[in-house]
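> everything below, folded, please.
(chains A and B)
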Protein chains: 2
Amino acid sequence: MTIDLNGIHSPSDIKGMDIDTLRLLSEELRAVLIKKLASHGGHVGPNLGVVEATVALHYVFDAPKDQIVFDVSHQSYVHKMLTGRIGAFTDPAHYDDVTGYTCPRESPEYDLFEVGHTSTSISLATGLAKARDLRGGDGNVVAFIGDASLGGGMALEALDYAPELGSNIIIIVNDNQMSIAENHGELYSHLAHLRATAGKSDNNIFKALGYEYIYVAEGNDLRALIRAYRQAKDSPRAVLIHINTMKGSGLPVAEKEKEQFHYHSPFDPATGAPLSADRDDSYQDIFAKLMLELMHEDGSVALLNAGTPGAIGMTAPRREAAGRQMVDVGIAEQDCVTMAAGMARGGARAVMGVVATFLQRAYDQLSHDVAINNLPVTIVDFYGGIFAMNDMTHLGFFDVAMVSNIPGILFLSPATVEEYESMIRWSVAEKPGPVVIRTPGGAPVHSDRPVLMPFTRYDVVREGSEVAIIGEGALLQNALKAADILRESGVEATVINPRVLSQVDTECLDSLRGYRHVITVEDGIVDGGFGQKVAAYLGGASCKVTCLGLKKEFLDRYSVKDVLEANSLTPEAIATIALA
Amino acid sequence: MTIDLNGIHSPSDIKGMDIDTLRLLSEELRAVLIKKLASHGGHVGPNLGVVEATVALHYVFDAPKDQIVFDVSHQSYVHKMLTGRIGAFTDPAHYDDVTGYTCPRESPEYDLFEVGHTSTSISLATGLAKARDLRGGDGNVVAFIGDASLGGGMALEALDYAPELGSNIIIIVNDNQMSIAENHGELYSHLAHLRATAGKSDNNIFKALGYEYIYVAEGNDLRALIRAYRQAKDSPRAVLIHINTMKGSGLPVAEKEKEQFHYHSPFDPATGAPLSADRDDSYQDIFAKLMLELMHEDGSVALLNAGTPGAIGMTAPRREAAGRQMVDVGIAEQDCVTMAAGMARGGARAVMGVVATFLQRAYDQLSHDVAINNLPVTIVDFYGGIFAMNDMTHLGFFDVAMVSNIPGILFLSPATVEEYESMIRWSVAEKPGPVVIRTPGGAPVHSDRPVLMPFTRYDVVREGSEVAIIGEGALLQNALKAADILRESGVEATVINPRVLSQVDTECLDSLRGYRHVITVEDGIVDGGFGQKVAAYLGGASCKVTCLGLKKEFLDRYSVKDVLEANSLTPEAIATIALA
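This next block holds a predicted model:
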């Protein structure tokens, strides 16, 4: 017997199935999933781990009347398969029809929110539940959240608040005993304790917070899941279902190498070998190697991270080499930034490596704990700018606008490997105060040009007249190429690598007042960026100022080429504007 | 017997005291405290509640070798009295020598951090502890945190992480059963359960997270406190001491009216009556009355807040009138913003009232949950701009730079009561998407000028030529006065109320291209503000552009007059610049 997966258009198509058919369905969904993941890449472990949990969810609950919110929603592939988007999994030609996260643009009925950051699902669910209650509606509200995401502060805030609603809300904790890497924080010891006691321990954090608590030891067993979900369904109060699942379930390489297969590019499903070779070098490698060197030299140097060590080049062997000088606080960016502040105050040298889009979660900590206290914390920001992750929920081009307008933080944007390393070394050695260093986008660019000090001076890398192009970070290369084009038109442009984006080099800018045209080229949005600071500073000068950069908007799965063209950031477009 | 309080210069001066002397000391400290609080104002309840807890702290622990971090640090007055700053409490002439929070500028030895926001102390303490361990030092690290602050997400993140340090860290939970207003969230039910069982319950969230747990039933009893602190001192692991204290202890009016006496302006200590009358009207009142009206008209309108209902005009009687349409999630700004997003998605009409400096704690939630999802959430921002709280940790003039550069959020800054009310009504009724409305600073300004629609258009309130002054929010008045001064010099200035700060009115700005000088006047920092957007837009025009506003810096306890003068924001300074 086989099931016609392409005949599943909505959850109602699985409602009449018996348990054996549901099991077969799960097997077939898993097989299709493995095939797509292997050839297309994606979140392997999280999705394979919840095949049964998701089938049971749509079997027991009645979406869209019952509202389901997936935390991070990187584990929502099976949900998509069961809610009208099966073709995007069975047909390779349609693989890209769906995003990797829940997406109301794809399915306004079944996907309630664009989600990509962790720990938001319980808050969203409390909002849905409160709206339901105020409007006099009914139906269940379900938040589906992983054990690692549960340790994020806002999940804990909402976990604390949800029972106070005094109304139906169901939280499913998908306990797969992993974060992206290993779990951190003591909540996980407690979850282990609950698993070890089959959920029967008297000491139970969820019961302490007022939840009805249901434990499912076999979180990949459909019958057990269905029983638990049915028990919770239509409860008039807050219920928490703790399900013990296996990340990567059904794909041996993913079950074994859980960290590598959290997210994976295309791979051979038999061996797990990647289909394309990794780059020989990357800024992640450069950073991690440099940090290991700095930590080796000085035992008071520590590298902090909030649950994404791989994204900053700290592979498991490197973490081991760093030993106690590596601190991973789990998915807890606020705690991480402020812990770094505490370490700096205590005389250690704190460097935090963080993905730009997640640094957004610690704005107040940057301002209130690091900057007001003027503490020498170095934050190295990864995947900032245009040449980074392109999912709408993971964009990297807002970091300059966010960070560089906080008083007291020096925001540096190096253009080359040499500047990057030099800035990190300087910041750790000199402890000048709070510094955020943005890792350049794209492939590493080397230069034998001496690194100009101090970093608060703009570096004039090419002397010209009339026209000046100030290009930061990875876009310095486009500024230089634009100058080449301009030379062909007989214009010798000055090209400047500004390096510092949180303040202007007034001396350098004053030298441009007699120019005809000053153009800023920004690897980020124009609003709130360094270009507007330049424009404001030169507001009284006779030169024309043009600020180039991205429009202030959320893009989704863009091509870099298109974005550069649409925003006049190609060498050709910059040159054309310079001549206007 | 009396104690010479002015003879206490450091904690070593109380080390030799016996228990009776310590009690006497506490009584005298409390009396001095009440006298200062009554005549000077300050955080009444929090400080009176911890007199004994602080005396015992400095009696048992050895600061500065032992490092103490106070959460929020609004309860650190007794700590200041015992660490060399007694004169700022005993001598009215020196009352203003100390800030209301811990302050390393006052005492680098004993005050480790500038603090003013909640929930940061455990993270800071883990940082200090980690630095101590990496540097091979010793000494205890103590975080002193209130029950309400413990519900903030970052405190929970750090509570989760701290035991993983595997090293000395002591967390004192000061359980006074109150937030500023009543407590929310189920953690408080759990604390009540622990109190009810004298800390003996098997279900104990702190034990679940791996802490050694010590309960002190009489948190205002010195002997009990000293015993508990001694038990914890020098522990090689994480200890949590749960002390049950009485907010406002020793001042009957403060014990009774806990919310009113959390913070109070000068008052009669016998009756609790304020020494100066409250204003007849305030934007808080205007807002709260309007919200009650809107909630009464439509049962799906809800007002959300994160632990500061008084700051948005929602007094206890008004909260009662709002009933279930008022949602206070406790000190959990992230949860609050994202819950509002969930409510909006669920078809309710969510309005959140928030203090500007605390909105900083929910940057990612504004961006990721509200803006990316384009949900019709209305956020009314209080105490923004220059005319607001002036403690370094509570500044309101960074909100425009923070919020207005997030894509998709309409940031509105009304200049009058009529615009303010109109914007709130419009946002709730029309649900245009995410809107942040900044409550104007200073006293309410009324105007009978019709409110111009749409709000994305700049309102030209005075027609002139040559010079244009674009003045936002409360500073529109200064722009108008500057125009009066200019008239005396024969210059008729155009004055514009921009209202929208997250985008420019291109049509209006295009009409200014032929002007000699365009001046933006901003109730906030220039960096990242609306003025720089104007300057960038007009970068190609022949007119001169000057952006006025605050420098990007952290001020402390400033006078508004001084700040306006120092930043050329007075009518006279604006007029002088216009003529330059």
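
> just the pLDDT at whatever residue of the stretch 151-300 of chain A ends up closest to chain B, thanks.
Across the stretch 151-300 of chain A, the shortest distance to chain B (C-beta to the nearest C-beta) belongs to A:Gly153, at 2.5 Å. Any C-beta I mention is one placed from the backbone N, CA and C, and that applies to glycine too. On pLDDT, A:Gly153 comes in at 96.

> do the one 4 residues further on as well
The confidence metric pLDDT takes the value 97 at A:Glu157.

> A:Arg279 too?
Confidence score, pLDDT, at A:Arg279: 64.

> now swap in the one 10 residues further on and tell me
Among the per-residue scores, A:Lys289 shows a pLDDT of 98.

> quick check: the gap between it and A:Tyr383.
Separation of A:Lys289 from A:Tyr383 (C-beta to C-beta, to the nearest Å): 18 Å.

> looking at the two, which is more packed in?
A:Tyr383 (26 against 14; other C-beta atoms under 10 Å in any protein chain shown).

> which one is that one nearest to, not counting chain neighbours?
Nearest residue to A:Tyr383, sequence neighbours excluded (C-beta to C-beta, 6 or more residues apart in numbering or on different chains): A:Gly396, at 4.7 Å.

> so the one you found sits against A:Ala356, correct?
Yes. The pair A:Gly396 and A:Ala356 qualifies as a contact (C-beta atoms under 8 Å) at a distance of 4.2 Å.

> any residues in contact with both of the two?
Jointly contacting A:Gly396 and A:Ala356 under the rule C-beta atoms under 8 Å, 6 or more residues apart in numbering or on different chains are A:Tyr383, A:Gly384, A:Gly385, A:Ala388.

> what's the burial count for the second one?
What it means is A:Gly384. A:Gly384: 30 neighbours (other C-beta under 10 Å).

> coming back round to it: which phi and psi does the residue nearest to A:Tyr383 have?
Note on A:Gly396: its backbone torsions stand at phi -110, psi 0 [degrees, to the nearest 10].

> and A:Asp459, by the same measure?
Reported as degrees, to the nearest 10, the phi and psi values for A:Asp459 are phi -100, psi 110.

> spell out which parts of the stretch 1-150 of chain A neighbour chain B.
The stretch 1-150 of chain A comes close to chain B at residues A:67, A:69, A:104, A:112-117, A:120, A:122-135, as judged by C-beta under 8 Å from any C-beta of the partner chain.

> related to what we said a few turns ago, for the residue nearest to A:Tyr383, give me its contacts.
By C-beta under 8 Å, 6+ apart, the contact set of A:Gly396 is A:Val355, A:Ala356, A:Thr357, A:Tyr383, A:Gly384, A:Gly385, A:Ile386, A:Ala388, A:Met389, A:Gly441.

> near chain B, which residues of the stretch 251-400 of chain A show up?
A:299-300, A:302, A:324-325, A:327, A:329-330, A:332, A:334-335, A:338-348, A:350, A:360-361, A:363-365, A:367-369, A:371-373, A:392-393, A:398.

> just these: which are in strands?
Taking DSSP state E, the ones among those that sit in strands are A:Ala302, A:Val327, A:Ala350.

> ok, and the closest non-adjacent residue to A:Ile14?
Distances taken as C-beta to C-beta, 6+ apart place A:Tyr59 nearest to A:Ile14, at 5.8 Å, with adjacent residues excluded.

> hmm, I typed the wrong one, I wanted A:Thr271.
Spatial nearest neighbour of A:Thr271, excluding adjacent residues (C-beta to C-beta, 6+ apart): A:Val253 at 6.9 Å.

> for chain B, see how far away the residue of chain A most remote from its centre is.
Note on chain A: the largest C-alpha distance from the chain mean falls to A:Gly490, namely 44.7 Å (C-alpha atoms, centre = their mean). Look at A:Gly490 and chain B: by C-beta to the nearest C-beta, to the nearest Å, they are 22 Å apart.

> ok, so what distance separates that residue from B:Gly87?
Using C-beta to C-beta, A:Gly490 is found at 73 Å from B:Gly87.

> hmm, back to that, make CSV out of the shared contacts of A:Gly396 and A:Ala356 and add secondary structure and pLDDT.
Shown next, in CSV, are the shared contacts of A:Gly396 and A:Ala356 (DSSP: H, G, I helix; E, B strand; the rest coil; pLDDT from 0 to 100):
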residue, secondary structure, pLDDT
A:Tyr383, coil, 97
A:Gly384, coil, 98
A:Gly385, strand, 98
A:Ala388, coil, 95
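
> returning to that earlier point: so the residue nearest to A:Thr271 belongs to a strand, correct?
No. Counting by DSSP: H, G, I helix; E, B strand; the rest coil, A:Val253 is not part of a strand but helix.

> buried sites along the top helix by length along chain A?
Secondary structure of chain A per DSSP state H: the longest helix is helix A:19-40. Buried residues in helix A:19-40, counting neighbours by 16 or more other C-beta atoms under 10 Å in any protein chain shown, are found at A:22-23, A:25-26, A:28-30, A:32-34, A:36-38.

> go on, stretch A:4-14?
Buried residues in stretch A:4-14, counted by 16+ other C-beta under 10 Å: A:Leu5, A:Ile8, A:Pro11, A:Asp13, A:Ile14.

> closest to chain B out of the residues you listed?
Minimum distance to chain B across the buried residues of stretch A:4-14 is 19.6 Å, recorded for A:Pro11 (C-beta to the nearest C-beta).

> surely the closest one is in contact with A:Ala63?
Yes. Using C-beta under 8 Å, A:Pro11 is in contact with A:Ala63, at 5.7 Å.

> list residues touching both of these two?
A:Thr83.

> ranges for the helices of the stretch 51-200 of chain A?
In chain order, the stretch 51-200 of chain A shows helices spanning A:51-60, A:77-82, A:87-90, A:121-135, A:147-150, A:153-161, A:187-196, with DSSP state H, counting those that start in this stretch as the criterion.

> now find how far off-centre the last one is within its chain.
Averaging C-alpha positions (C-alpha atoms, centre = their mean, to the nearest Å) puts helix A:187-196 27 Å from its chain's average.

> roughly how far does the residue nearest to A:Thr271 sit from A:Ala566?
Using C-beta to C-beta, A:Val253 is found at 40 Å from A:Ala566.

> and stretch A:531-550, end to end?
Using C-alpha to C-alpha, to the nearest Å, one end of stretch A:531-550 lies 11 Å from the other.

> pLDDT of it, averaged?
Mean pLDDT, stretch A:531-550: 96.

> which parts of that stretch are buried?
Neighbour-count burial for stretch A:531-550, counted by 16+ other C-beta under 10 Å, picks out A:531-539, A:541, A:543-550.

> any of the residues of the stretch 1-150 of chain A next to chain B buried? List them.
Buried subset of those (neighbour count, 16+ other C-beta under 10 Å): A:67, A:69, A:112-117, A:120, A:122-134.

> now do the contacts for the residue nearest to A:Pro266 when sequence neighbours are not counted.
With sequence-adjacent residues excluded and distances taken as C-beta to C-beta, 6+ apart, A:Pro266 is closest to A:Leu275, at 4.2 Å. Residues near A:Leu275 by C-beta under 8 Å, 6+ apart: A:Ser265, A:Pro266, A:Phe267, A:Asp268.

> tell me, how many residues neighbour A:Lys561?
Number of residues near A:Lys561 (other C-beta under 10 Å) recorded here: 9.

> is it fair to say it lies in a helix?
Yes. Counting by three-state DSSP, A:Lys561 is part of a helix.
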